[in-house]
Structures are given as structure tokens and as C-alpha cells.
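Asker: Got a predicted structure here, sequence first:
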Amino acid sequence: MIDKLELFLALARARHFGRAAEEAGVSQPTLSAGVKHLEDMLGVPLVVRGSRFQGFTAEGERLLEWSRRLVGDWRSMRQDIEALRKTVCGHFRLAAVPTALAMVPKLTIAVIDKHPGVDFLILASNSQKIIEQVENLAIDAGLTYLDNEPVGNLIQIPLYRERYHLITGPDSRFSGRTEVRWAELQGVPLCLLSPDMQNRRIIDRALHQVGVRAEVAVESNSMTALAAHVRTGRWTSIMPTVLMEALGLPAELAAIPLIDPVIEHTIGLVMMDREPHSPMAAAMIAAARKLSQMQGL
């Protein structure tokens, strides 16, 4: 039964029979047969039939909720039982919005120090995809914004508050300033994350609030690409404090707080709300809560 629910979850993630089968490592007929087995057993259609995947029926959506719970519990149970006879080990999948990647080592080190047998897959992703992947069990946890856009019915542990600085070169008109107002960025060529990233939506909204339209000279979904451009001193960017400190920007670049308004958003860990947690999940939650306490959150 669990294997059929795993196939059903793969279909929910891929939204396409062929890609779901490839992800699950089975043939497309095997995946289709697995879904048909669930339909026959429950006596209801689960998938809207057509020449290609068109979505789930109401019964299919409800089964999706149960599948997430049952498969997640099955995985946690296996890890918990295995931990009784040997040290905790396994593969932990963690995704983070690009601006939060600098915080990831604080969590991974804390977990690995306690459980050396755990290894990590770290992914950069946008906030919407992170929530979707956590809910569909494609990843084990995510680092994303907690207070700006919906995060679903997940465990939420705040880790730090994101504050914004203007990063600019020595020849900038803002050189020597201790503060810059958002409204002063009119006409300034900016180097920013792409619009699918929540950080970019926050920045666009802040500029719109003061009547400024972002003039984007360079945009990317990679903070590494943005940092490489900013390091040249030819481009101006807007970065949160944590990321700015982690990048170790050259001394000649200025990091100037942005005001009027001062904008802050909470970044935190999100995971499925399930008890009991697997040993790896419990270790991650403990590390996140300790970090949250250290940050006074």
C-alpha cells in the first residue's frame, strides 16, 4: 500500500504521468497501474481523466492529504526503528530561499555534530516551491519567509529577522552615507534576484510603496551570480544583513541601511507537523529551536 501512495505523491509533485514515473524510478504503466489500484480499492476516481494529467478529483485531493501523512509517518517510523539498533544516519533534504543559504551551516553543523552519520542535500529554491515540496515530501525541511506569504499548516520555527541594506561601490552617489531612503533609489540600476523569488517581491513592494519603479540592470535566481556582479563595484544591490555578512564583501563596498520604511521579515524553518518525529527531523528541530533562542525569537 505504501508503495502505491508513494507513486501517488510522485504524481502530485510532477503533475505529469511520464515525469512522475521517471522520478519514482518505475515505468509509466506501473505508475498508472498503481493509481488504478488505489481507485479500485477506494471505489472512486482519483484523477481527472484526459489525454494528459488534468488534476485530481475531490476524492483525489483528500487522498493526497492522507498520503502525505501516511507516507511521512512510514518514513519516520522506519528511521526511528533503525535508530534503535544503530546510530542515526540517513539523507536529509533541505531547501532554502537564496537569501537564507548563509544560515544553513548553523543548522547542518549542529545536526552532524550530534549525528555524524547524517548527510545533507542542500537546494536553493523559491518560497512557493519550498512549501509545495515540504507538503509533498519531496524535501524534509525548508528555510523560508514565515510572515510575508502563506506557509501552510507546517511547523514554523523563526530563526532570524531579515533586514535590508543597499550595497554600493565607492564611486556611488550614496558613498559616505549612513542611511538611504527607498525613495532615493529612483533611476538607480539595480542587481536583484529574479521576480519568482519572495525577496524580490518584497523589494519591489517596498519601492512601489514609495512610488519608485525598480530599474533592474541584472537579475538572477542565484545569489552567487549577484554577488559576483556586486563585487565589481559597478552595480548596486539590495541584500539582507545575514547574507551580506556571509559573503564577506570587499571593504571598498558600502553596506548602507535602507529606511523610510525600515522593513524586516522573519526567516524560519518549516517542516511537516507530525508526531513522533524521525530522529533526523527531531535533531533538525532541536537545532533550529536552539538557534531561535540565541537570536531572541
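Answerer: On my side now, so go ahead. Residues are numbered from 1 along each chain as shown.
Asker: V48: what's it in contact with?
Answerer: V48 makes contacts with Q54, G55, F56, T57, G60, as judged by C-beta atoms under 8 Å, 6 or more residues apart in numbering. Using the backbone N, CA and C atoms, a C-beta is placed for each residue, glycine as well.
Asker: now swap in R213 and tell me
Answerer: With contacts taken as C-beta under 8 Å, 6+ apart, R213 has the following neighbours: Q186, L207.
Asker: now it: how far from S237?
Answerer: Here the criterion is C-beta to C-beta, to the nearest Å. By it, R213 lies 17 Å from S237.
Asker: what's the answer for V104, then?
Answerer: For V104 relative to S237 (C-beta to C-beta), the value is 21 Å.
Asker: Compare the two (neighbour count), which wins?
Answerer: Taking other C-beta atoms under 10 Å, V104 and S237 do not tie; S237 has more neighbours (24 against 17).
Asker: Is it correct that the more buried one falls within a helix?
Answerer: No. Note on S237: no helix contains this position according to DSSP: H, G, I helix; E, B strand; the rest coil, which reports strand.
Asker: Quick check, pLDDT for it.
Answerer: Each residue has a pLDDT score; the one for S237 is 91.
Asker: My guess is it contacts A225. True?
Answerer: No. Counting by C-beta atoms under 8 Å, S237 does not reach A225; the two are 11.0 Å apart.
Asker: count of residues packed around the closest residue to W74 other than its chain neighbours?
Answerer: Leaving aside its chain neighbours, W74 sits nearest to I2 (5.1 Å; criterion: C-beta to C-beta, 6 or more residues apart in numbering). Other residues within reach of I2, judged by other C-beta under 10 Å, total 13.
Asker: same deal with V180?
Answerer: The number of residues packed around V180, counting by other C-beta under 10 Å, is 23.
Asker: ok, and the helix or strand in this structure with the lowest average confidence?
Answerer: Ranked by mean pLDDT, DSSP states H and E, the weakest helix or strand in the chain is helix 241-247, scoring a mean of 76.
Asker: Could you look up the next helix or strand downstream of that one?
Answerer: On the C-terminal side of helix 241-247, the closest following helix or strand by DSSP states H and E is strand 254-259.
Asker: for stretch 104-112, which positions count as buried?
Answerer: Under the neighbour-count criterion of 16 or more other C-beta atoms under 10 Å, stretch 104-112 has V104, L107, T108, A110, V111, I112 buried.
Asker: Just the closest of the residues you listed to P276, please.
Answerer: Out of the buried residues of stretch 104-112, the one with the shortest distance to P276 is V111. That distance is 17.4 Å, counting by C-beta to C-beta.
Asker: For the closest one, which non-adjacent residue is closest in space?
Answerer: For V111, the nearest residue in space outside its immediate sequence neighbours is A283; the separation is 4.7 Å by C-beta to C-beta, 6+ apart.
Asker: now for the helix or strand where that neighbour lies, which elements pack on it?
Answerer: Using DSSP H and E, A283 falls within helix 279-294. Secondary-structure packing of helix 279-294 (3 or more C-beta pairs under 8 Å, 6 or more residues apart in numbering; DSSP states H and E): helix 58-85, strand 89-96, helix 104-114, strand 154-168, strand 264-272.
Asker: would a markdown table of these with mean pLDDT and distance to R177 be doable?
Answerer: Formatted as a markdown table, the helices and strands packed on helix 279-294 follow (pLDDT from 0 to 100; distance: least, C-beta to C-beta, whole Å):
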| stretch | mean pLDDT | distance to R177 |
| --- | --- | --- |
| helix 58-85 | 78 | 50 |
| strand 89-96 | 90 | 31 |
| helix 104-114 | 92 | 31 |
| strand 154-168 | 92 | 9 |
| strand 264-272 | 93 | 20 |
